[in-house]
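# What shape does this take:
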Amino acid sequence: MNKLVLYDQHDFKGKSKQFVRNMPDLANEMFDNAAQSARVEGHHWVAYTDPNYKGEFIIFAPGDYKTLGCNFCHKLSSLRLVEEELLNPEIDLYEHVDYVGKAQPVTEKVDNLGRGKFNNLVSSHKVKQGVWILHQKADQTGERLITYKGDEWPNYGDKWNDKLTSLRPLVNSYTERLDGSPDAWVRDEHKSVAESRGSSSFLQLLTGDLWSADTSGTMSKIALYDQPNFKGEAKEFLANEPDLSEKLFEDTAKSARVEGQHCIAYTDPNYKGEFIVFGPGEYKTLGCNFNHKLSSLRLVEEELLNPEIDLYEHVDYGGEVREVRKKVDNLQRGNFNNLVSSHKVKRGVWILHEKVDQTGERLITYKGDEWPNYCDKWNDKLTSLRPLVNSYTEVGPTPCVLLQRGQ
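Numbering: from 1, shown residues only. All right, here's what the predicted structure looks like:
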């Protein structure tokens, strides 16, 4: 049974009132501005300082509250029982009023919308699932509002328009200090978030101390952290991510942990720009070339054994062809230097370079790729290449430009 018992004295003493459903005005129960302690069973309750669920609020998790503190003692005027399902929370944020402009779906806690280039841009929202707490400042601070499944806010008005900076869903383990600020984001909450996504989820909220080093399975994953040394907010990815801004983590990562297979991280969305190859392991810093610069991720799922690439002398796979199955530091030794204009990757993943000994500008290409025309930037310039192997990793690579097809 879900219930909230309010007491008019500290330590559960004095007159009390029990509530099992929403109460828009405690004055109707002769208990307005009376409570000084509380006991909660079952679901969360939200208590407001004004009637009709307005004013400041505090969220009561199940438990005992010997005092409500100076911010809420003798100040509660309405109560709302949280009956919404808290699993799979989702809210859609909109750039303009009336749900127009850029839309950003959010399914988990976000400490700074600026990381997804959506900070101070929100003017309306719709709650699809769960209960959400929205804040005007980063890290769940500043003025806040609470919104429930089915709520549609077409216009934030002057007080909130273009001011939303952080938000979080209410989860089963959530609790607050009596000043209304969130308690430590406890470990059980991380478990709840993960369970709410299901085992097939590719994104899970973590903190550095919750990383599991268990690599006994075959699952590949990368966890990115917004601080060096695996600290700060983090996100875990189990599948390709073409645009980290959609997960509110673009240009944010400063350290990483990788399990399973390699991961290729790019500085631009859609697997473009400069790239770095992460082998399985820990990266306490991404270095000056890649800190705060990653925008997309591709997990390497290709089989790396028996790599093979066919290099063609002319565009559209014409002219002389060379089959390559291993690292080549200088194609000139095979009289094929600066002659390649197209290629097909039969197996594996290959890194191609414009200069000898795997230096100069480079591109990366995957099994099944067919490049019919290198165009002016790369035509007749390929000089060295290597297959990606299980032991390959990069530490502090120099900036390299990834050539895209058609360039």
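
# Tell me which residue of the chain is furthest from the middle?
Asn335 (48.1 Å; Cα atoms, centre = their mean).

# On the pLDDT front, check that residue for me.
With respect to pLDDT, Asn335 scores 72.

# same deal with Ala194?
Ala194 carries a pLDDT score of 30 in this model.

# re earlier: give me the distance between the residue farthest from the centre of the chain and Glu370.
Here the distance between Asn335 and Glu370 works out to 24 Å (Cβ to Cβ, to the nearest Å). (C-beta placed from N, C-alpha, C; glycine too.)

# returning to that earlier point: against Arg322, how distant is the residue farthest from the centre of the chain?
10 Å.

# give me the low-pLDDT residue ranges for the stretch 201-350 of the chain?
201-218, 334, 337 (pLDDT under 70).

# repeat that for 80
201-219, 333-338 (pLDDT under 80).

# Now do the helices in it.
Taking DSSP state H, counting those that start in this stretch, the helices of the stretch 201-350 of the chain run over residues 287-290.

# Point to the residue nearest the middle of this structure.
Lys247 (4.2 Å).

# Would you agree that residue is in contact with Asn240?
No: judged on Cβ atoms under 8 Å, Lys247 makes no contact with Asn240 at a distance of 11.9 Å.

# At which residues are the strands of the stretch 301-407 of the chain located?
308-314, 318-324, 342-347, 349-355, 359-366, 370-371, 384-387 (DSSP state E, counting those that start in this stretch).

# Let's have these in a markdown table, adding mean neighbour count.
Output for those, formatted as a markdown table (neighbours: other Cβ atoms under 10 Å):
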| stretch | mean neighbour count |
| --- | --- |
| strand 308-314 | 19 |
| strand 318-324 | 14 |
| strand 342-347 | 19 |
| strand 349-355 | 22 |
| strand 359-366 | 19 |
| strand 370-371 | 17 |
| strand 384-387 | 22 |
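
# I'd like these as CSV, with distance to Lys163 appended.
Shown next, in CSV, are those (distance: least, Cβ to Cβ, whole Å):
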stretch, distance to Lys163
strand 308-314, 52
strand 318-324, 56
strand 342-347, 49
strand 349-355, 45
strand 359-366, 41
strand 370-371, 47
strand 384-387, 50
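
# Out of those, flag the one nearest Leu113.
strand 359-366 (31.4 Å; Cβ to Cβ).

# That closest one versus strand 342-347: what angle between them?
60 degrees (axes from the mean of the first three to the mean of the last three Cα atoms, to 10 degrees).

# elements contacting strand 359-366?
Helices and strands touching strand 359-366, as assessed by 3 or more Cβ pairs under 8 Å, 6 or more residues apart in numbering; DSSP states H and E, comprise strand 342-347, strand 349-355.

# which residues are in contact with it?
264, 275, 277, 302, 309, 343, 345, 349-354, 371, 378, 383-384, 400-403 (Cβ atoms under 8 Å, 6 or more residues apart in numbering).

# Tell me where the stretch 51-200 of the chain has helices.
Using DSSP H, counting those that start in this stretch, helices in the stretch 51-200 of the chain cover 69-72, 157-160, 187-197.

# If I follow the layout properly, Asn112 ends up in contact with Thr141?
No: if you go by Cβ under 8 Å, Asn112 and Thr141 don't touch, sitting 10.8 Å apart.

# For the nearest residue to Glu152 once chain neighbours are set aside, grab the count of nearby residues.
Nearest non-adjacent residue to Glu152, counting by Cβ to Cβ, 6 or more residues apart in numbering: Lys126, 4.9 Å away. Using other Cβ atoms under 10 Å, Lys126 has 19 neighbouring residues.

# For Lys126, give me its contacts.
91-92, 94, 99, 151-153 are the contacts of Lys126 under Cβ under 8 Å, 6+ apart.

# that older thread, which one of the strands of the stretch 301-407 of the chain lies nearest to Lys235?
strand 359-366 (23.1 Å).

# And the closest one, how far out from the chain middle?
Remark: strand 359-366 is offset 28 Å from the chain centroid, using Cα atoms, centre = their mean, to the nearest Å.

# what angle sits between it and strand 349-355?
Using the same axes, to 10 degrees: strand 359-366 against strand 349-355 is 160 degrees.

# Strand 308-314 and strand 359-366, what's the angle between them?
If you take the same axes, to 10 degrees, strand 359-366 sits at 120 degrees to strand 308-314.

# for strand 359-366, what is the average pLDDT?
93.

# isn't Glu90 right next to Thr107, touching?
Yes: here Glu90 reaches Thr107: they are 5.1 Å apart, a contact under Cβ under 8 Å.

# Tell me which of those two has more neighbours.
Thr107 (20 against 16).

# Next, that one: phi, psi?
phi -120, psi 0 (degrees, to the nearest 10).

# what about it, distance to Asn240?
Counting by Cβ to Cβ, the gap from Thr107 to Asn240 is 18 Å.

# For Ser78, state which of the contacts of Lys126 is nearest.
When the contacts of Lys126 are compared against Ser78 (criterion: Cβ to Cβ), the nearest one is Asp151, at 16.6 Å.

# so the closest one touches Gln129, yeah?
No: counting by Cβ under 8 Å, Asp151 stays clear of Gln129, with 11.2 Å between them.

# Which of these two has more residues huddled nearby?
Gln129 (18 against 15).

# If the residue nearest to Glu152 is in a bridge, with which residues?
Beta bridges link Lys126 to Asp92, Glu152, judged by DSSP bridges.

# Tell me the pLDDT of Asp98.
On the pLDDT scale, Asp98 gets 95.

# Apart from its neighbours in sequence, what residue is nearest it?
Spatial nearest neighbour of Asp98, excluding adjacent residues (Cβ to Cβ, 6+ apart): Pro154 at 5.1 Å.

# what number of residues lie near the one you found?
Count around Pro154 with other Cβ under 10 Å applied: 13.

# Phe219 is in contact with Gln261, isn't it?
One correction, residue 219 is Met, not Phe. No: if you go by Cβ under 8 Å, Met219 and Gln261 don't touch, sitting 9.4 Å apart.

# More neighbours: which of the two?
Taking neighbours as other Cβ under 10 Å, Met219 and Gln261 compare with Gln261 leading, 20 against 12.
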